[in-house]
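I'd like to go over a predicted model; first the sequence, then the structure.
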Amino acid sequence: MSGEAESHPQRILLFGGTFDPPHLAHATLPALAARQLRCDQIVYIPAAENPLKGSAKSAAAEHRLTMLVLAIADVPNAKISSIELDRKGKSYTIDTLKELHNKQGAAAAPARHSGSARQSKRTATLEPPASFFLLIGCDQALDFHRWKDWEQIVKLATPAVMVRPPWDRKSFERELRKRYLEAEAQRWLGWTLNLPLMDINATEIRKRLREGASVDGMLDPAVAEYIRSNGLYR
Ligand code: ATP
């Protein structure tokens with residue numbers, strides 16, 4: 001686990017969330033999305049504090065991080081970035097994207113400095129900066145105009161949208177047209193992936209855990225066991 005990539009794959013799928021707790025949709029869908037988008041790597045980015053989720057307290061960052069490690073153990077080419085946890089406070093995606101773009105430049109620097117000017121120039125040509133995709137659920141897409149500097153966000157990372165219940169593709173399309181002008185709605189539809197619908201959400205999981213109801217089929221067994229042994233969400 002580290003805050004940045006060791007190498008510089010060209011297409012990186014960024015996936016932010018509260019992961020409170022991380023559930024099976026968080027583990028399953030990004031891998032499918034990465035395949036569709038031909039991404040080399042998935043970077044999970046747990047938020048310190050979601051600016052749009054009000055004052056509701058989430059589980060401690062250490063717990064969410066450990067659960068995420070367990071939840072994505074089998075997800076190919078996935079890693080976790082602690083960039084937002086390290087920054088603390090409200091986690092604005094625009095700040096994260098700017099930091100990632102800067103870090104990428106900084107991480108490439110040693111390669112450029114390790115040799116002649118000619119060699120460094122060649123290295124720079126062979127390793128173009130990665131392109132970022134930003135994976136979000138369609139609930140977030142419908143609210144995207146509330147995100148800080150959203151117009152700049154879509155310039156730094158191309159959105160990739162997962163339709164999720166209660167929406168399906170048709171109702172999501174209708175809702176987009178209600179909320180956005182036609183051209184903008186079309187743009188979001190172009191960014192929408194073809195993925196299976198998974199009716200799982202963390203709010204429902206926390207509610208069930210509070211009530212002692214079953215969360216079978218919603219969580220990785222290792223995450224469920226971690227929650228149980230640490231007495232979370234009681
Ligand atoms: P909560 O119910 O607490 O709001 P959540 O289940 O939406 O949590 P988050 O950690 O907030 O989980 O989600 C991270 C990202 O994953 C968000 O962009 C969210 O829309 C998306 N996401 C979560 N669950 C699903 C799902 N079942 N299908 C598609 N996208 C999902």
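Received it, and whenever you're ready, just let me know what you need. Residues are numbered from 1 along each chain as shown.

from the ligand, how far off is residue 156?
As for residue 156, its distance to the ligand is 17 Å (criterion: CB to the nearest ligand atom, to the nearest Å). All C-beta atoms are positioned from the backbone trio N, CA, C, and that covers glycine.

quick check: phi and psi at the closest residue to that residue other than its chain neighbours.
Nearest residue to residue 156, sequence neighbours excluded (CB to CB, 6 or more residues apart in numbering): residue 97, at 4.2 Å. Backbone torsions of residue 97, given as degrees, to the nearest 10, read phi -60, psi -40.

for residue 97, what are its contacts?
Taking CB atoms under 8 Å, 6 or more residues apart in numbering, we find residue 97 in contact with 14, 132, 134, 153, 156-157.

export the residues you listed to JSON lines and append columns for pLDDT, neighbour count and distance to residue 218.
Below are these laid out as JSON lines (pLDDT from 0 to 100; neighbours: other CB atoms under 10 Å; distance: CB to CB, whole Å):
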{"residue": "14", "pLDDT": "98", "neighbour count": "25", "distance to residue 218": "24"}
{"residue": "132", "pLDDT": "95", "neighbour count": "18", "distance to residue 218": "29"}
{"residue": "134", "pLDDT": "98", "neighbour count": "24", "distance to residue 218": "25"}
{"residue": "153", "pLDDT": "97", "neighbour count": "20", "distance to residue 218": "30"}
{"residue": "156", "pLDDT": "95", "neighbour count": "18", "distance to residue 218": "33"}
{"residue": "157", "pLDDT": "96", "neighbour count": "21", "distance to residue 218": "28"}
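
now, the residues you listed that are in strands?
14, 132, 134 (DSSP state E).

how about the residues of the protein that lie near the ligand?
17-20, 25, 29, 136-137, 139-140, 162, 164, 198, 200-203 (CB under 6 Å from any ligand atom).

okay, and the beta partners of the residue in the chain that the ligand sits nearest to?
Per CB to the nearest ligand atom, residue 137 is where the chain lies closest to the ligand, at 1.9 Å. Residue 137 has these beta-bridge partners by DSSP bridges: residue 162.
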